[in-house]
Structure formats: C-alpha cells, structure tokens
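Participant: Dropping a prediction and its sequence here:
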Amino acid sequence: MPEKLSRTLLAWGAENIDPKAVAQAHRTSKLPFIQGHVALMPDAHYGLGSTVGSVIPTLGAIIPAAVGVDIGCGMIAVETGLDAGDLPDDLGGLLSSIEQRVPAGVGRGYSRGHKRLRGDVWWSAHPNAAVAGDEQLARKTVEQFGSLGSGNHFVEVCLDPVDGVWVVLHSGSRGVGNMLARRHIARAKGLMKERFITLEDPDLAYLVEGEPEFQAYIADLLWAQEYALANREQMMDAVLGALFVIVARPLVERRRVNCHHNYTARERHHGKDLWITRKGAIRARVGDWGVIPGSMGTNSYIVKGLGNSASFDSSAHGAGRTMSRTEAKRTLSVESLTEAMGDRAWLESKAGRLIDEHPDSYKDIDRVMRDQTDLVSIEVELHQVLNYKGT
C-alpha cells in the first residue's frame with residue numbers, strides 16, 4: 001500500500017527508497033501542471049531530471065527529461081513452448097549464436113549486409129521528418145535497428161516453475177531515441193531561459209501543449225516509442241531463430257508480451273485526459289500483461305495489472321539501482337559477480353566490464369514485488385539460465 005509523503009507525492013515501498021530520490025520526486029510533484037500527485041514505485045531511485053520509477057501525470061505540459069533519453073525503453077518476453085529438456089546441457093553455443101545475431105554494446109549495430117536491410121525496410125515504412133533531415137540520425141535508425149545497446153539492456157533465456165522455456169529481452173530506441181531526446185531537452189531548457197522561468201532543477205524544463213515545440217516533441221516521442229517496440233520485436237525474432245537452430249525442433253510461441261517502461265501516453269484518469277509519463281514504470285491496467293525483470297543472477301516476473309487508480313494504473317519496471325555505476329565499479333568485484341551468476345551461461349570473459357550490473361548494485365526484486373501487491377499480480381516467476389549483455 002502507498003504512503004503519502006506529501007499532498008502531491010505517494011510512494012510504494014517508501015522505506016526502501018533513497019531520500020535523495022524522494023527529494024527529487026518532491027521537486028517534480030510541486031510543478032503547477034502536475035495533476036493530483038506523483039506516484040513513486042517501489043523500485044524508485046535517483047535519475048536525470050525526474051526519479052526513475054515515477055509516474056508523472058500532467059495537464060497541458062510535458063517534461064522531456066522525465067521521459068528520459070532512452071525513449072520507449074522496455075521489455076519483451078516470449079513463452080516458447082519448449083521445456084528445459086529441449087535445451088542442451090551446455091548453453092555456451094546458444095550464447096555465442098545470440099551474440100552473433102544480436103549486436104550489443106555502445107554504438108553497435110549493422111553497418112552492412114542483409115541484416116541492415118531490416119532497418120531500411122522499417123525506416124521506409126515509418127518516416128520521420130526530424131530524422132530524415134539529419135544524416136547521422138537516419139543512419140543510426142537503420143544501422144541500430146535490431147541491436148541491443150549496453151548498460152542494463154539484456155537478453156535472457158529463463159525457465160518457469162514447470163521448466164517451460166522463456167526468452168526475455170530489455171532494450172529501447174538506441175542512439176536515435178537518445179539524440180532526439182537530448183535535442184528536445186535542450187530546447188525545453190532554452191525556452192525556460194527565454195521566458196525567465198526559474199526551476200528548482202533545470203532538468204525539469206517543460207514544453208507547453210499547443211506550442212510548436214510541444215508538437216514537435218510529441219511527434220518524435222511517439223515515433224521513437226514505435227521504433228523501440230519494433231526494435232525489441234526484431235531482436236526477439238533473431239534470438240528465437242538462434243534457439244530454433246540449437247534445439248532443432250519447431251518453437252510454438254504461446255505468449256508474447258511487449259511493454260514500454262520509459263514513455264508518455266495520453267490517458268484518461270480521474271475524469272481528465274492527461275499526459276502520463278512513466279519513467280521506469282509499466283502500465284498496469286486491469287488485465288494488462290507486463291514484464292518486470294530483476295538484475296543479473298536474480299528472478300524476473302510476468303505480471304498482470306490490477307488497475308490501481310492511485311498509481312495511475314502503473315507498477316514498478318524492475319529492481320531499481322541502489323548504487324551508481326561508478327560506486328559499483330569501485331566497491332564490487334569480478335569474483336563476487338562470478339559467484340552471483342552461479343552456473344548460468346553468461347559473458348564471464350567480460351566480467352570486468354559488467355561490474356556495474358552486479359546484482360548487489362540493485363534492489364532486492366522480491367522485496368519490490370512484495371511492496372506492490374496492490375498494483376500487479378504475479379502470473380509467472382522466471383529463473384534465468386542464460387544472460388547476454390552489451391558492454
């Protein structure tokens with residue numbers, strides 16, 4: 001159940017949220033166009049502009065930095081119809097095949113070959129004026145379509161409680177979404193200066209509905225969200241192709257769930273048509289399917305929404321960080337990461353470059369789930385047996 005931290009701020013699992021993140025959410029919640037309250041999810045932690053793990057309802061304005069620079073970042077999960085017995089005892093070959101089929105890492109993508117054509121096909125069917133007018137953006141759109149990125153983005157093969165095989169994937173809109181977001185954040189900050197509007201945090205700079213800058217942002221935002229969704233679909237199909245080759249038998253896809261957790265959408269809540277920005281939160285209306293991952297070496301969850309109006313039909317998106325990447329690299333070790341990963345197949349040879357993704361740098365996902373039993377119901381608990389990340 002939520003705790004009321006102020007007239008304009010509610011929090012789930014408040015005792016497990018860093019005071020710095022709470023203070024940041026307070027600043028956001030005091031903006032004049034916030035409708036009702038900001039809702040903090042139990043995975044909330046300090047972020048750029050607005051708290052990661054927050055749901056921000058606005059009327060007549062949007063904060064570009066609250067959506068963030070990975071527009072449309074989210075999760076996709078597929079129940080494959082396979083069971084554990086169909087998998088080889090050694091998953092190293094599958095890991096290598098996924099690595100070959102799905103580029104991962106900062107700036108990685110497809111520079112040539114038939115796989116790049118998938119990006120060309122998507123781009124030709126989904127034009128965007130801002131992207132078309134910028135050669136660098138257009139190139140990134142095509143080359144990075146179907147690629148994973150870095151940081152906490154991942155591909156996992158998981159087992160459910162009855163040994164059913166799932167594939168779970170986390171990624172967003174890659175370089176093109178990042179560049180578009182930064183442009184609009186900078187424009188919003190410029191408008192604040194032009195209009196002599198002083199904010200407690202410059203990253204809370206906003207765009208006003210009805211103005212050209214707002215319309216331009218919404219157009220690029222919705223396009224980048226669509227790109228992110230399609231990007232996950234493309235990668236999922238590539239991973240399923242790798243799995244098909246390894247098991248040498250057909251896959252019967254039983255369920256596919258694809259959901260954003262960094263985005264804005266127009267929704268009706270409490271009798272008003274609002275802009276709902278979910279920065280590190282998923283939509284959880286009654287019956288909505290969602291994917292909530294843990295961290296490397298921990299469980300993930302397939303959930304159904306309960307439609308809690310106080311959270312604006314939302315829930316947590318993952319475990320949430322407890323350490324910055326810098327702190328994790330300084331205080332955690334390759335040895336403890338290797339121990340945490342146990343017998344899973346993972347990029348152990350690159351462990352030194354994955355320290356900032358150590359499970360000890362994240363919150364306990366099981367506690368996060370306990371703190372939001374009024375937001376979602378757990379439908380399937382997943383245990384990872386393979387993890388692939390970019391560095």
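Facilitator: Looks like it came in fine. Residues are numbered from 1 along each chain as shown.
Participant: and the spatially closest residue to Leu94 that is not a sequence neighbour, backbone torsions?
Facilitator: Of all residues not flanking Leu94 in the chain, Ile246 sits nearest, at 4.8 Å (Cβ to Cβ, 6 or more residues apart in numbering). From N, CA and C alone the C-beta is placed, and that goes for glycine too. With angles defined as degrees, to the nearest 10, Ile246 sits at phi -70, psi -40.
Participant: now stretch 287-302, how far from the chain's geometric center?
Facilitator: Using Cα atoms, centre = their mean, to the nearest Å, the mean C-alpha position of stretch 287-302 is found 11 Å from that of the whole chain.
Participant: Compute the first-to-last residue distance for it.
Facilitator: 12 Å (Cα to Cα, to the nearest Å).
Participant: buried ones in it?
Facilitator: 288-302 (16 or more other Cβ atoms under 10 Å).
Participant: Please tell me how far the residue nearest to Leu94 sits from Ser54.
Facilitator: Going from Ile246 to Ser54 by Cβ to Cβ, to the nearest Å gives 40 Å.
Participant: got it, and Gly342?
Facilitator: Applying Cβ to Cβ to Gly342 and Ser54 gives a distance of 33 Å.
Participant: who has more neighbours, these two?
Facilitator: Ser54 (27 against 10; other Cβ atoms under 10 Å).
Participant: List the residues that contact the more buried one.
Facilitator: Ala25, Thr28, Val38, Ala39, Leu40, Met41, Ala44, Ala66, Arg278, Lys279, Gly280, Ala281 (Cβ atoms under 8 Å, 6 or more residues apart in numbering).
Participant: where in the stretch 151-300 of the chain is pLDDT low?
Facilitator: Scanning the stretch 151-300 of the chain for pLDDT under 70 picks out nothing.
Participant: before we move on, the earlier item: name the nearest of the buried residues of stretch 287-302 relative to Gly241.
Facilitator: Nearest to Gly241 among the buried residues of stretch 287-302 is Val291, at 20.6 Å by Cβ to Cβ.
Participant: where does that closest one fall, phi/psi-wise?
Facilitator: phi -120, psi 120.
Participant: Look up how far Val22 lies from it.
Facilitator: 26 Å.
Participant: ditto for Gln144
Facilitator: Gln144 is 35 Å from Val22, by Cβ to Cβ.
Participant: Give me the more crowded residue out of those two.
Facilitator: More crowded of Gln144 and Val22, by other Cβ under 10 Å: Gln144, with 24 against 18.
Participant: one step back: in strands, which of the contacts of Ser54 fall?
Facilitator: Residues of the contacts of Ser54 located in strands (DSSP state E): Val38, Ala39, Leu40, Met41, Ala44, Arg278, Lys279, Ala281.
Participant: what's the neighbour count on the fifth one?
Facilitator: Burial of Ala44 is recorded as 32 neighbouring residues (other Cβ under 10 Å).
Participant: Return the distance of it relative to Val22.
Facilitator: 8 Å.
Participant: Find residues that contact each of those two.
Facilitator: By Cβ under 8 Å, 6+ apart, the residues touching both Ala44 and Val22 are Ala11, Thr51.
Participant: Go through the protein and flag its longest strand.
Facilitator: The chain, longest strand under DSSP E: strand 376-389.
Participant: what's it packed up against?
Facilitator: helix 92-101, strand 154-159, strand 164-171, strand 289-292, strand 300-305 (3 or more Cβ pairs under 8 Å, 6 or more residues apart in numbering; DSSP states H and E).
Participant: so who does Val125 touch?
Facilitator: You called it Val, but residue 125 is Ala. With Cβ under 8 Å, 6+ apart, Ala125 has no contacts at all.
Participant: and with 10 Å instead?
Facilitator: Ala230 (Cβ atoms under 10 Å, 6 or more residues apart in numbering).
Participant: The helix or strand harbouring Leu82 to strand 154-159, inter-axis angle?
Facilitator: Assigned by DSSP states H and E, Leu82 belongs to strand 74-83. Computed by axes from the mean of the first three to the mean of the last three Cα atoms, to 10 degrees, the angle separating strand 74-83 from strand 154-159 equals 30 degrees.
Participant: Could you pull up the mean pLDDT of strand 74-83?
Facilitator: The pLDDT scores in strand 74-83 average 97.
Participant: what ranges do the helices span in the stretch 1-150 of the chain?
Facilitator: Assigned by DSSP state H, counting those that start in this stretch, the helices in the stretch 1-150 of the chain fall at 19-29, 64-67, 92-101, 114-125, 129-132, 135-143.
Participant: And these, which one averages the lowest pLDDT?
Facilitator: Across these, helix 114-125 gives the lowest mean pLDDT, at a mean of 81.
Participant: Just the CA atoms of that one, as CSV, please.
Facilitator: Taking Å, rounded to 0.1, in the frame of the first residue of the first chain, the C-alpha atoms of helix 114-125 are listed here in CSV:
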residue,chain,number,x,y,z
HIS,A,114,21.2,-8.3,-45.4
LYS,A,115,20.5,-7.7,-41.7
ARG,A,116,20.8,-4.0,-42.2
LEU,A,117,18.0,-4.3,-44.8
ARG,A,118,15.6,-4.9,-42.0
GLY,A,119,16.3,-1.4,-40.7
ASP,A,120,15.9,0.0,-44.2
VAL,A,121,12.5,-1.7,-44.6
TRP,A,122,11.3,-0.4,-41.2
TRP,A,123,12.6,3.1,-41.9
SER,A,124,10.9,3.3,-45.3
ALA,A,125,7.6,2.4,-43.8
